[in-house]
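[1] pasting the sequence and the predicted model now:
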Amino acid sequence: METRTLNSQAENSSNKNFDSQKTKKSITTDCDVITISIKPKQHISVPKEIFCALFEASHLRHKKEYLNAVDDRKICFSTFRGLAREAEIPYSLFFAPTETVRKEIKDRNEILFQGVQNSPISVSSRGAVDVQDVSLIIKDIQKRQQLMCREYPDTKKNVLISKRSCGNVKQDASAILTALNLDMNVFRNKKKKEDSFNYLVDTLENNNFLISRSAPGVMPQTIFKDLSFSGFAVKNNKYPSIFLYSKEENSIEEPAGRRNFTLFLILASIFNNRFAIVSLGDNSDTEAKTSSILEYQIAEEILTPKDLINHINPSISSLEDIDEISEYFKVTPSMATVRLTKLGFINRDQSLQYMNELDRRRIQYLQHKHGYGNPSPATRILKYNGKAFTKTVLNMVRKGEYTQGEASRILAAGKNYKNALKDLGEKL
């Protein structure tokens, strides 16, 4: 509601700017401006520096309509209006002095960087991602954190925020598990990797972590498909939050074993006081890229402890053996391959052979995969918001603090899915 009001006011203001500037003689050259067509024979010019600065600081910097406008140096008003609204940029800001624009961008970035550092933990060169690419999701998560802090003011500082890495991989791994009261024997004894993932999420939510997963249709923004990352953490002393991203949540591209590793990698990052975007690779180069990353080593040690693997002393002679190890430790076969190679149970030639076989398996799967249908609004809302936050909002509805419409807009990024609230109550 606040965004709509702000944009409405800004639109009225910008219309006045249009009228006042129509009669002014342009003092800039064509290459310095973006021309916005309002009506036939009626247009206004925006300084290209300001136009680009505002959109480059938003998640729309990859959108073709913006890129076309920059290339063509022109854009129709309806397209411009749609982009500005989607990026939550008031129209009037495009006509403000350059210093005002710079200050606005600086202020916005400071708020974002309080939650997520713009220094990704990356072991993948594909689709580099910056904080601005997920800015609206970060702001949405920050609103959840604020709501939880207001609703539960007596909540103490999060157990993991209170700890710090000592720089020793084995000791850090043990400290994280102890702080979270997380039993890895229970984790590994789950029947399926998905069950182990759910156990991990439930344990984290019991420790006041807010867990969110990508769910198209209920997120406040679209994440462009050419961006490749696994997730990120948003800082808050009481309710740190974790967002897990997948392009195709139901496909082999983001199996539960991979999500398990991503969660532990982010937890290790939080333990090391790094709230950043993480991006993983899934190929034979992973070992070299991760050998010096402390957070990765801690996540490895938690999921696949060196002492336990040495005790098992696995004999690896086929991909089926890799699959068996990955099922036991609830990780992906590719991660199992990398770990066993590091510990000397597989030589590099075998490792490359298994990785190539896993790549072929993945390609075959993608060629023959079938659709999984369209998840219901309730399923997507629960997935994006997590159980803990969804329960809190529904409880506030029962207490009369929110209407069903208000709760729907909080849980579904301004969309009205109030008919899904009943289904949510049943799911929880």
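    Here it is on my side, so go on.
[2] can you read off the backbone torsions of Ser279?
    As for Ser279, its main-chain torsions (degrees, to the nearest 10) stand at phi -130, psi 120.
[3] hmm, Phe232 and it touching each other?
    No: using CB atoms under 8 Å, Ser279 makes no contact with Phe232, being 9.5 Å away. For the C-beta atoms, the positions are set from N, CA and C on the backbone; glycine is no exception.
[4] those two: which has the busier surroundings?
    Phe232 (29 against 23; other CB atoms under 10 Å).
[5] contact partners for the more buried one?
    Phe232 makes contacts with 116, 134, 138, 242-243, 266, 275-278, as judged by CB atoms under 8 Å, 6 or more residues apart in numbering.
[6] now do the contacts for Leu180.
    By CB under 8 Å, 6+ apart, the contact list for Leu180 reads 159-160, 203-204, 207, 267.
[7] now, which of the residues you listed lie within helices?
    Counting by DSSP state H, the contacts of Leu180 place 203-204, 267 in helices.
[8] can you give me the helices in the stretch 301-428 of the chain?
    Ranges of helices within the stretch 301-428 of the chain are 306-312, 319-329, 333-342, 348-368, 377-398, 404-411, 421-427, based on DSSP state H, counting those that start in this stretch.
[9] just the stretch 51-200 of the chain next, same as before
    Using DSSP H, counting those that start in this stretch, helices in the stretch 51-200 of the chain cover 64-72, 77-86, 98-115, 135-151, 169-180, 184-189, 193-206.
[10] how near is the closest residue to Asn236 other than its chain neighbours to Tyr245?
    Of all residues not flanking Asn236 in the chain, Gln145 sits nearest, at 4.2 Å (CB to CB, 6 or more residues apart in numbering). Noted for Gln145: a distance of 19 Å to Tyr245, by CB to CB, to the nearest Å.
[11] which of the contacts of Leu180 tops the neighbour count?
    Neighbour counts for those (other CB under 10 Å) peak at Leu267, which has 26 neighbours.
[12] can you pull the contacts of it?
    Residues near Leu267 by CB under 8 Å, 6+ apart: 160, 176, 180, 204, 242, 299.
[13] in stretch 81-96, which residues are buried?
    81, 83-96 (16 or more other CB atoms under 10 Å).
[14] list the buried residues in stretch 63-73.
    63, 66, 69-70.
[15] next: stretch 311-320.
    Neighbour counts over stretch 311-320 (16+ other CB under 10 Å) mark 314, 316 as buried.
[16] I'd assumed Thr341 was in contact with Ile325.
    No: if you go by CB under 8 Å, Ile325 and Thr341 don't touch, sitting 12.0 Å apart.
[17] residues near the closest residue to Lys330 other than its chain neighbours, how many?
    Spatial nearest neighbour of Lys330, chain neighbours left out: Ser196 (4.3 Å); criterion: CB to CB, 6+ apart. By other CB under 10 Å, 24 other residues sit near Ser196.
[18] tell me who's in contact with Ser196.
    Contacts here follow CB under 8 Å, 6+ apart; on that basis Ser196 touches 187-188, 190, 256, 260, 330.
[19] hmm, 10 Å instead?
    Residues counted as contacts of Ser196 (CB atoms under 10 Å, 6 or more residues apart in numbering) are 184, 186-190, 256-257, 259-260, 303, 329-331.
[20] from those, which is closest to Val393?
    Set against Val393, the nearest of those by CB to CB is Arg259 (24.0 Å).
[21] returning to what we had before: point out the most buried one among the helices of the stretch 301-428 of the chain.
    Mean neighbour counts were compared across the helices of the stretch 301-428 of the chain using mean count of other CB atoms under 10 Å; the top stretch is helix 333-342, at a mean of 24.
[22] what helices or strands is that helix leaning on?
    Judged by 3 or more CB pairs under 10 Å, 6 or more residues apart in numbering; DSSP states H and E, helix 333-342 is in contact with helix 256-271, helix 286-290, helix 294-303, helix 306-312, helix 319-329, helix 348-368.
[23] one more pass at 8 Å, please.
    helix 256-271, helix 286-290, helix 319-329, helix 348-368 (3 or more CB pairs under 8 Å, 6 or more residues apart in numbering; DSSP states H and E).
[24] okay, the last one in PDB with CA atoms only?
    As requested, the backbone C-alpha atoms of helix 348-368 are provided in PDB (Å, rounded to 0.1, in the frame of the first residue of the first chain):
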ATOM      1  CA  ARG A 348      41.800 -37.600 -10.100                       C
ATOM      2  CA  ASP A 349      41.300 -39.700 -13.300                       C
ATOM      3  CA  GLN A 350      38.500 -41.600 -11.500                       C
ATOM      4  CA  SER A 351      37.000 -38.300 -10.200                       C
ATOM      5  CA  LEU A 352      36.900 -36.800 -13.700                       C
ATOM      6  CA  GLN A 353      35.300 -40.000 -15.100                       C
ATOM      7  CA  TYR A 354      32.600 -40.000 -12.400                       C
ATOM      8  CA  MET A 355      31.900 -36.300 -12.900                       C
ATOM      9  CA  ASN A 356      31.500 -36.800 -16.600                       C
ATOM     10  CA  GLU A 357      29.100 -39.700 -16.000                       C
ATOM     11  CA  LEU A 358      27.100 -37.500 -13.600                       C
ATOM     12  CA  ASP A 359      27.000 -34.700 -16.200                       C
ATOM     13  CA  ARG A 360      25.600 -37.200 -18.800                       C
ATOM     14  CA  ARG A 361      23.100 -38.500 -16.300                       C
ATOM     15  CA  ARG A 362      21.900 -34.900 -15.600                       C
ATOM     16  CA  ILE A 363      21.600 -34.200 -19.400                       C
ATOM     17  CA  GLN A 364      19.500 -37.400 -19.900                       C
ATOM     18  CA  TYR A 365      17.300 -36.500 -17.000                       C
ATOM     19  CA  LEU A 366      16.600 -33.000 -18.300                       C
ATOM     20  CA  GLN A 367      15.900 -34.300 -21.800                       C
ATOM     21  CA  HIS A 368      13.200 -36.800 -20.500                       C
END
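[25] starting at the chain centroid, how far to that helix?
    Taking CA atoms, centre = their mean, to the nearest Å, one finds helix 348-368 lying 27 Å from the centre of the chain it belongs to.
[26] does Ser45 touch Val33 like I think?
    Yes: counting by CB under 8 Å, Ser45 does reach Val33; the two are 4.0 Å apart.
[27] what comes up buried for stretch 185-197?
    Under the neighbour-count criterion of 16+ other CB under 10 Å, stretch 185-197 has 187, 190, 193, 196-197 buried.
[28] and if you look at stretch 409-420?
    Using 16+ other CB under 10 Å as the test for burial, stretch 409-420 gives 409-413, 415, 417-418, 420.
[29] for stretch 267-281, same thing?
    By neighbour count on 16+ other CB under 10 Å, the buried set for stretch 267-281 is 267-272, 274-281.
[30] for the record, mean pLDDT for it?
    Stretch 267-281 shows a mean pLDDT of 86 in the predicted model.
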